[in-house]
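> return a 3D structure for these sequence lines:
(one chain, ligands or ions: 2)
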Amino acid sequence: MPAYDYDLFTIGAGSGGVRASRVAAAHGAKVAVAEEHRVGGTCVIRGCVPKKMLVYGAHFAEDLEDAEQFGWKIEGKSFDWVRLRDTVLGDVTRLEGLYTETLESHGVEVFPERAEITGDHEITLASGKVVTAKYILIATGARPALLDFPGSELAITSNEAFHLDALPKRVIIAGGGYIANEFAGIFNEFGSKVSIVNRSDQLLRGYDESLRDRLLQISLMKGIEFHFNTTFKSITKNDDGTLHVELEGCDDKDVDLVMFATGRVPNVEGLGLEAVGVELGDKGEIKVDEYSRTKVDYIYAVGDVTNRVQLTPVAIREGQAFADTVFNNDPKTVDYNCIPSAVFSHPPLAGVGMTESQARNKLGSIKVYQSDFRPMKNVVAGRNERGLYKMITDAENGRIVGIHMIGPEAPEIMQAAAVAVKAGLTKADFDATVAIHPTMAEELVLLK
Ligand SMILES: Cc1cc2nc3c(=O)[nH]c(=O)nc-3n(C[C@H](O)[C@H](O)[C@H](O)COP(=O)(O)OP(=O)(O)OC[C@H]3O[C@@H](n4cnc5c(N)ncnc54)[C@H](O)[C@@H]3O)c2cc1C
Ligand SMILES: NC(=O)c1ccc[n+]([C@@H]2O[C@H](COP(=O)([O-])OP(=O)(O)OC[C@H]3O[C@@H](n4cnc5c(N)ncnc54)[C@H](O)[C@@H]3O)[C@@H](O)[C@H]2O)c1
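Numbering: from 1, shown residues only. Ligands and ions are numbered 1, 2, ... in the order given. Have a look, this model is predicted:
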């Protein structure tokens, strides 16, 4: 047996890499991790966490507006983007410190630099240092996909959105998925004129059709513009520094900012994967088996770089399962069935299990229960915005196969409802549960 410098070398200290490294070290392994940007990865540094803080900040716009109906007179209110931006960035730095501390307190050595595989069991760091490891874990995540057309380099991505010097008066967001809808809500609440430009006529593919329609309706009502079946021809800079955007499918637009939110591509380039025999799939993702092992028996990969489900809790589970399997002799796989998810749009939406059309195709005979209601707070505020909850059951046995919700706090409510769906409960189990009144969540046990 050759002697290696480390039992495990992890490339990438994001959601998957941090969990895997920490747990492997707790199981007694000698572990090092390399991070080329900042410890914490996408989710902590420029994803879920700062995004959610901006969503909170943005929502005050509506709360302050609604407050008047509840008797509050708020004079001279104004919004300071730089103050919010710096508060968020400050908290991100605090979290980065905590993640680094957790790694170090578990005895994981952290290299703040890029790493590449340069030979069998061999990793070379940007500084030139060469180390060896018995196992290598690739947890390099993904990066924003960029569109390619004349002037496309003038656009930003979510990476830059957290650092803007000023809010754009007018912004075009390309794409119709998670990031496009979340940032459309954020910018719109802050007062920017938002236009979503989407190449297809579908938003948020994979979510239940009724929720997608409802989000579109409400977003239009809030003043967000949508241009479907529209593509980019060019972006040029006007004399005053604003951007002229030529579009195919709708009129040209002059805006202050264009942001691409058109998916994410796995970070596999320049890692030396081909040379050691790691196999890639059609989208450039690392191909792995159910234990996250690549074609090379000592190289594993977890998280977005494998393009299974691009969500932080999934990357974390994959990292945990890898560490338990390899370093605790406790083979574990991740169960991808019934993963709940949410879009932190305004209002947010959330889903678990099959959508109505998926269930109809798969099961044939289904029952759909739904509640289309105006939350009490919206009624008092005079806000004409309705929530929609849907439950899809297998008509044969009443088992719930999907729950879908749009409305205030939908993701918070969904986390608990997802336990019931995962556990295979039936509509009758929900009916047997006494409501908590008055709540929005009680709609779930009162569905007709
Ligand atoms: C704007 C945005 C919002 C999001 N919101 C949510 C949300 O609300 N909920 C949710 O569940 N998910 C959300 N996600 C997705 C989530 O962030 C990812 O699924 C998750 O971070 C994936 O974790 P990972 O460990 O695979 O990769 P990452 O967290 O991306 O970590 C990979 C790390 O590897 C580093 N790296 C890459 N190559 C190298 C190299 N050669 N050497 C050294 N280091 C390297 C990178 O710098 C990075 O830090 C969001 C993503 C974005 C972009
Ligand atoms: N709340 C959350 O959990 C959350 C939030 C943000 C991001 N994420 C994760 O990050 C991933 C990336 O987010 P996203 O919004 O960039 O991706 P997405 O897959 O949700 O949406 C991508 C959008 O871009 C469009 N698109 C793709 N290629 C295009 C092209 N060449 N030209 C024009 N349009 C194109 C698609 O039609 C789609 O509407 C998500 O899939 C998700 O897994 C999760």
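
> nearest spatial neighbour of residue 79, chain-adjacent residues omitted?
For residue 79, ignoring the flanking residues on the chain, the nearest one in space by Cβ to Cβ, 6 or more residues apart in numbering is residue 190 at 6.3 Å. C-beta: built from backbone N, CA, C; applies to glycine.

> from ligand 1, how far out is the one you found?
Computed as Cβ to the nearest ligand atom, to the nearest Å, the residue 190 to ligand 1 distance reads 16 Å.

> what about that residue, neighbour count?
Using other Cβ atoms under 10 Å, residue 190 has 18 other residues around it.

> same thing with residue 71?
6.

> now do the same for the residue nearest to residue 79: its pLDDT.
Looking at residue 190, its pLDDT reads 98.

> which SS state does the residue nearest to residue 154 when sequence neighbours are not counted fall under?
Among residues not flanking residue 154 along the chain, residue 235 sits closest, at 4.7 Å (Cβ to Cβ, 6+ apart). Following DSSP: H, G, I helix; E, B strand; the rest coil, we place residue 235 in the strand state.

> now do the one 10 residues further on
Under three-state DSSP, the three-state class of residue 245 is strand.

> hmm, residue 258 and it touching each other?
Yes. Using Cβ atoms under 8 Å, residue 245 is in contact with residue 258, at 6.2 Å.

> quickly list what's touching both of the two.
Residues touching both residue 245 and residue 258 (Cβ atoms under 8 Å, 6 or more residues apart in numbering) are 172, 235.

> domain ranges for this structure?
Per automatic domain parsing, the domain ranges recorded for the chain read 6-144+265-327, 152-261, 347-445.

> for the first one, what is the average pLDDT?
Domain 6-144+265-327 shows a mean pLDDT of 98.

> quick one: end-to-end distance for that domain.
End-to-end distance for domain 6-144+265-327, by Cα to Cα, to the nearest Å: 13 Å.

> I'd like the numbering to begin with 7 instead of 1 from here.
All right, first residue 7 from here; so that's domain 12-150+271-333.

> so how far is it off the chain centroid?
A distance of 12 Å separates the centroid of the chain from that of domain 12-150+271-333, by Cα atoms, centre = their mean, to the nearest Å.

> so does the helix or strand containing residue 406 get close to ligand 2?
Per DSSP states H and E: residue 406 is located in strand 406-412. No. Against ligand 2, strand 406-412 shows no contacts by Cβ under 6 Å from any ligand atom, the least distance being 13.5 Å.

> following that strand, which helix or strand shows up next?
helix 416-428.

> and after that following helix, which helix or strand comes next?
That would be, after helix 416-428 and using DSSP H and E, helix 433-437.

> can you tell me the SS state at the residue in the stretch 307-454 of the chain that ligand 2 sits nearest to?
In the stretch 307-454 of the chain, no residue comes nearer to ligand 2 than residue 316, which is 3.2 Å away by Cβ to the nearest ligand atom. Secondary structure, three-state DSSP: residue 316 is coil.

> next, count neighbours for the residue lying closest to it once chain neighbours are set aside.
Nearest residue to residue 316 in three dimensions, chain neighbours excluded: residue 310, at 4.9 Å (Cβ to Cβ, 6+ apart). For residue 310, the tally of surrounding residues (other Cβ under 10 Å) stands at 31.

> residue contacts, the closest residue to ligand 1 within the stretch 207-356 of the chain?
Closest contact between the stretch 207-356 of the chain and ligand 1, by Cβ to the nearest ligand atom, is at residue 309 (2.0 Å). Neighbouring residues of residue 309 by Cβ under 8 Å, 6+ apart: 18, 20, 21, 22, 23, 145, 147, 320, 321, 324, 325.

> over to residue 229?
Contacts of residue 229 (Cβ under 8 Å, 6+ apart): 194, 199, 200.

> and for residue 145?
So residue 145 contacts 16-20, 22-23, 26, 307-309, 311, 321, 325 (Cβ under 8 Å, 6+ apart).

> try 6 Å this time
16, 18, 22, 23, 308, 309 (Cβ atoms under 6 Å, 6 or more residues apart in numbering).

> does the helix or strand hosting the fourth one reach ligand 2?
Think residue 23. Residue 23 is part of helix 21-32, with elements assigned from DSSP H and E. No. Using Cβ under 6 Å from any ligand atom, helix 21-32 stays clear of ligand 2, with a minimum separation of 11.4 Å.

> what is that helix packed up against?
strand 12-17, strand 37-40, helix 318-333 (3 or more Cβ pairs under 6 Å, 6 or more residues apart in numbering; DSSP states H and E).

> would you mind listing what in the chain touches ligand 2?
153, 180-186, 188, 204-206, 267-270, 316-317, 347-350.

> now the residues you listed: which count as buried?
By neighbour count, with 16 or more other Cβ atoms under 10 Å, those hold 180-186, 188, 204-205, 267-268, 270, 316-317, 347-350 as buried.

> return the subset of those residues lying in helices.
184, 185, 186, 188 (DSSP state H).

> now for the last one: which residues touch it?
Residues in contact with residue 188 (Cβ under 6 Å, 6+ apart) are 350, 351.

> since that was my last question, I'll sign off now.
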